[in-house]
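Novice: got a predicted model here, sequence first, then my questions.
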Amino acid sequence: MDVSRNVAKTVASRSANWTSSITRTTTTSSFSHSASLFNNRGISTLPSNVRHGRHNLIPSTTTYKFINKTFCRRRLQTNSSTYATLEASAGSEDSALPFPKVPQPPKLPIRERLRRWEAENVSDALVPSASFDQDHAEHGQVVNLYTRPVEGDRIREIDDGQQLEDPPVPLFEGDDLVGFGSERSFLLRGDLVELRTSDGLRIELAIFVRELGIQCQFYTMSGRWVHKASRNARFFVPNFVSPEEVDPLIAYLPDADVPEAIQDKLQSFENALPRSIGAPLLRKMAEFGHAADVVYRENLDTLDNAYSIVALPQQVRQLSLPRLTREILKLPPKMATEDIPPATLYAVYRTIMNEGMGFSVQTSGNARSWGRFEVAPKKIIDSIKMVTRIIRSWQVHTVTSARDGVSEIRPLGQFMAEFESFLKAARRAINVSRKNRASTVSGQIGPAGTVVDSNTPLTSIEQHFATPDLKYIRFMKCWVAWETFSHSSPMNGIGSAILRATGLYDGQALNRATGWQFLQEIGIISPWETKATFELRLPGYGYYKRAVAEKQGGKEPEDALAGLRKDWEQQTVYCIDDTGAHEIDDGVSIEASETEGEHWVHIHVADPGSVFDLESHAAQRAKAAMQTVYMPDRVIPMLPDNIVQEKLSLAPNRPTLTFSAKMNEKGEMIEHKVTPGTIRKVVYLTPATLAEVLGNKVTDPEEVLAVGDSETITSFNDGVMHRDMASVDSLSTSDRANLKLLASLGDARRKRALLRGGIDLNNARATVVVKIDKDIDPDCYNSPRNSTHVHTDPFISISIPPASDDGPSIYGPVTNLMTLGGEVAAAWCSARNIPIIYRVTQAHPDKADPGGFFQANVLPYVLRGESVPKDVQSAYILAQGPVLPSSVPGPHVALGVEMYTKCTSPLRRFSDLLAHWQIQAALLEEVKTGESLVGSSRDDYLPFNKAKVDALIPKMDGREKALGAGRRGAERSWALQAVLRAWKFGQSKGWRDEWEFRVLGMMGGMVNGFVDGLGLMAMMDMPAGMEPDDISEGDVFTARIKKVSPYEKSLLMEPLTRVSTAGSVEQHE
């Protein structure tokens, strides 16, 4: 159906909605529950079983009670009578209301009248439990509120794609055993949360009951229960009710995970829930919702203009919910978050989440911080609105012309001509692209079809877009790259209309993936670009071009610790890193102590903190970036790359901050210290070389897929720090002895940690290598005017780790020593009460003591020297509380240490750099006063006091999470580009059509699993003739590829045969 007709239907349907608030009353019984829901503007509206559209409006036995009403400019707002009715219903044994005559509604369109007739005359018993319309949007797709309603009782958010990360990683991922906020990031019994569907039509307040495996149990304000993943609770009020008030519910609820088929779906109680248990909770939720409504009504104009209040003309803003609340409602700027009523925060939160355009939220990280909200620039939103008006007018003009032969009214005539001119320019660019690169249905153009000779430029600019064209290009980038508006926004139809208007995408879904292909074909983004670069707003990929400045400015930076540095001329420092390392942060050395059997282990770390003061350009850049960005095709350093390479990355005569531990052969730390110094002798080697020195088996990863010719891309910009690498043969006898002793002491420390609750996690994953010819200018696509086309493609390879887990990881010795460095830094700062970013396992009051689980289930394997099975590892990690960044120290259970901080990568992590600045200030203060700061409570000498560190943690945590997700997303997109080029274009010699698919579980009616031969997660269609209960985790199928979408990061498999079941595999083993 034409978009303009859809728009017209939508407007007609919405204008026909009744303008009275309705409260349900029943002739046969009183309410078993009654709670107000919120519509997608956050206003209280109909009970959960009252729906518009294709859903039942009311049962045939139900009549209406009309309530006083208040109107706002956008939505209907009920007054407190609604909640008074709800409370009476929840607290009374007999809540039946009189049955006034139902007034006749105004005349409605025929389809709407049919829906209402059906709602009033078709019995509930005859209606299937599932929605009639099963055309549900897939992951990442647009949610059409009229043709794709969410299932009636299903509360499922937009899938964030995390289920498809590669490979199926345990709960914690090596170095990423952290990532929450300074306050708890988990839910406790009695917390209030908001649950909402992807389309925003259903919003439920709910009270958290408990965790059951990987699911969380909630009691909702509609009087039903639901099981969901806890990460989907995006707003919560801690300690909303006491645990004792919730405890009586437990006897009426399931005590284990529910099947995937009913997860996220509201369920009624099998046994009637006594009113004395449910009514008080429902009443409190209703009162909270009422309080939020009051805030909305009292600030109606302000909240309806929230975006215009906080947005800037051409700058992006990143703000927390409390700060947004203070700015929007004009609260005192320094008002503490805890002083803002939760209902006020929620009123603002609802408004922002339902704005649809202008605000976007990143909820990764600490749940207590409610995410960080990005506010798009006003000029971007104004441009979107302008394009929307133009396209809608163009659609009306086109339809009228086609129907009547001529359009009497041609509104926005100048812009109509400009849009048609843009379409012509876009068609020319697309046709040029398709002469060399095939169009696909995968949201990705194909590889270059012709090979250019050495004299032909690798890139060419085919045309320049005119200034009026830029607003349409910007709109498409807002739609598919920056995701400026939500998947349920009407703006999605405008993007589809632009694609349809080109006339070149017939037969393709006019969705965001095709929009991404459109931008590739018109030469605005490269054929291999990943969405992660735009999502992270990397330099050059945000709303406005932002270059990475390299200049430091001013005179040569001075060394703040020059007078305190120790000369390590007698120590050989071993820097153990892969050949592809972009900076060398750390090295280690060994020194005999005065006591036999005891040695000083020195962890020498690069010292940028002594070169950059807090007000310097480099420091401000580091604070904004938070850490270096690593992508398969690029590295964007946190600190200026030229200074890092020339002055800071470890090399002879470079400054260091050294963390030293005196240790005995049992791995006990006897003494520790921190020393500024300068290293003189440096030996570089890889972890594999160290493994050979130690006599450990080294097995190279297996390359399972490669596309492109790596031989022809001999000159590519890898950005690594090139250095002379030592081999086993080039190492002296002394060097080998030192390395063996260092590894032995690190391993002794590790074994000691394992006995104290630590655990080894082997999370080897597939690696993606990308090589792009250096002659391709990385900025060639940064001009919004140029239609650029590239005539070559990157080399991409996927390698997977060895299938066997036997033997120690080649990275183990280095990891042990870096963990030791983090222990030393934490202990040194803790003794002086210095606030840094410690990594702490927080006790979870709703979980059993992890120590007991460790003693019973993990320790026996450790004592026998055996590897802990992965299922036991996962259960043990689940038994622990989450690891949080904190300004106060505490134990890190998974590492088995009393306290820990990250300090060995200050060139690429801001949290490490912050620790260096704090330590530097303390060292200088101790020299200045001539007294130790051990036991001191002073903080006047520190650049960051505790309040500043606490304020920084949520931003740091959210950015770390976003960058981690972006990196994994980019890796997967690149891997799927390789799969697409091999599958559809035959670019891999060893490609095969059939693959083994290992089942991990069910997800959304499909099979979720792992393609072992590619090292990639995938989804598989349900095999014909099978039900979900017929398939178990561990089953293996033969399958072939059905669809690949690098943009959507999706790989869909088609089942062929079942090779084995989980039980047969176990018996065989």
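Specialist: Cool, got the structure.

Novice: helices or strands next to the longest strand along the chain in the packing?
Specialist: Counting residues, the longest strand found in the chain (DSSP state E) is strand 669-685. The contact analysis (3 or more CB pairs under 8 Å, 6 or more residues apart in numbering; DSSP states H and E) places strand 669-685 against strand 566-576, strand 598-606, strand 654-664, helix 812-831, helix 910-929. All C-beta atoms are positioned from the backbone trio N, CA, C, and that covers glycine.

Novice: list the buried residues in the host helix or strand of residue 387.
Specialist: For residue 387, the host element (DSSP states H and E) is helix 378-404. Neighbour-count burial for helix 378-404, counted by 16 or more other CB atoms under 10 Å, picks out 378-381, 383-384, 387-388, 390-400.

Novice: what's the following helix or strand after it?
Specialist: With DSSP H and E, the next secondary element past helix 378-404 is helix 413-436.

Novice: give me the contacts around the next helix or strand after that next one.
Specialist: Counting by DSSP H and E, the next helix or strand C-terminal to helix 413-436 is strand 459-464. With contact meaning CB atoms under 8 Å, 6 or more residues apart in numbering, strand 459-464 is reached by 425, 428-429, 432, 523, 776-777, 780, 785-791.

Novice: buried ones among those residues?
Specialist: 425, 429, 432, 523, 776, 780, 786, 787, 788, 789, 790, 791.

Novice: leaving out sequence neighbours, find the closest residue to the fourth one.
Specialist: Spatial nearest neighbour of residue 523, chain neighbours left out: residue 787 (3.6 Å); criterion: CB to CB, 6 or more residues apart in numbering.

Novice: can you give me phi and psi for that neighbour?
Specialist: phi -90, psi 100 (degrees, to the nearest 10).

Novice: which pLDDT value goes with it?
Specialist: Among the per-residue scores, residue 787 shows a pLDDT of 91.

Novice: quick one: contacts for it?
Specialist: 425, 429, 432, 461, 462, 463, 464, 465, 522, 523, 524.

Novice: could you redo the last one with a cut-off of 10 Å?
Specialist: Contacts for residue 787 were tallied using CB atoms under 10 Å, 6 or more residues apart in numbering; they are 425-426, 428-430, 432-433, 460-465, 521-524.

Novice: and the helix holding residue 387, average pLDDT?
Specialist: On average, the pLDDT along helix 378-404 is 89.

Novice: helices or strands up against it?
Specialist: Contacts defined by 3 or more CB pairs under 10 Å, 6 or more residues apart in numbering; DSSP states H and E place helix 378-404 against helix 3-15, helix 306-310, helix 413-436, helix 470-480, helix 491-502.

Novice: before we move on, back to that, avg pLDDT for the longest strand of the chain?
Specialist: Across strand 669-685, the average pLDDT comes to 97.

Novice: buried residues in it?
Specialist: Applying 16+ other CB under 10 Å to strand 669-685 flags 669, 672, 674, 675, 676, 677, 678, 679, 682, 683, 684, 685 as buried.

Novice: tell me the buried residues in the helix or strand that it is followed by?
Specialist: Toward the C-terminus, strand 669-685 is succeeded by helix 687-693 as the next helix or strand (DSSP H and E). Residues of helix 687-693 classed as buried: 687, 688, 689, 690, 691, 692, 693 (neighbour count, 16+ other CB under 10 Å).

Novice: look up how far residue 592 lies from the last one.
Specialist: Yep, that's residue 693 we're talking about. Going from residue 693 to residue 592 by CB to CB, to the nearest Å gives 20 Å.

Novice: try the fifth one
Specialist: As judged by CB to CB, residue 691 and residue 592 stand 25 Å apart.

Novice: now do the contacts for residue 534.
Specialist: By CB under 10 Å, 6+ apart, the contact set of residue 534 is 477, 478, 480, 481, 482, 483, 516, 525, 541, 542, 543, 966.

Novice: any idea which of the residues you listed is closest to residue 202?
Specialist: Residue 202 has its nearest neighbour among these in residue 483, at 22.0 Å by CB to CB.

Novice: pLDDT score for the closest one?
Specialist: Confidence at residue 483, expressed as pLDDT, is 89.

Novice: touching, residue 223 and residue 278? I think so.
Specialist: Yes: assessed by CB atoms under 10 Å, residue 223 is found in contact with residue 278 at 6.0 Å.

Novice: check contacts around residue 1042.
Specialist: 1018, 1019, 1020, 1021, 1051, 1052, 1053, 1054, 1055.

Novice: contacting residues around the fifth one?
Specialist: Under the criterion of CB under 10 Å, 6+ apart, the neighbours of residue 1051 are 164, 166, 972, 975-976, 979-980, 1011, 1014, 1016-1020, 1041-1045.

Novice: try it again with 8 Å
Specialist: By CB under 8 Å, 6+ apart, the neighbours of residue 1051 are 164, 976, 979, 1011, 1016, 1017, 1018, 1019, 1041, 1043, 1044.

Novice: save the residues you listed as JSON lines, and put in secondary structure too.
Specialist: Listed next are these as JSON lines, based on DSSP: H, G, I helix; E, B strand; the rest coil:
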{"residue": "164", "secondary structure": "helix"}
{"residue": "976", "secondary structure": "helix"}
{"residue": "979", "secondary structure": "helix"}
{"residue": "1011", "secondary structure": "strand"}
{"residue": "1016", "secondary structure": "strand"}
{"residue": "1017", "secondary structure": "strand"}
{"residue": "1018", "secondary structure": "strand"}
{"residue": "1019", "secondary structure": "strand"}
{"residue": "1041", "secondary structure": "strand"}
{"residue": "1043", "secondary structure": "strand"}
{"residue": "1044", "secondary structure": "strand"}
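
Novice: need the buried ones from those selected in PyMOL.
Specialist: In PyMOL, a selection of the buried entries from these looks like this (16+ other CB under 10 Å):
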select buried, resi 164+976+979+1011+1016+1017+1018+1019+1041+1044
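
Novice: and the contacts of residue 1051, which is closest to residue 500?
Specialist: Relative to residue 500, the closest of the contacts of residue 1051 is residue 1043; by CB to CB it sits at 22.0 Å.

Novice: distance of that closest one relative to residue 520?
Specialist: For residue 1043, the distance to residue 520 equals 18 Å [CB to CB].
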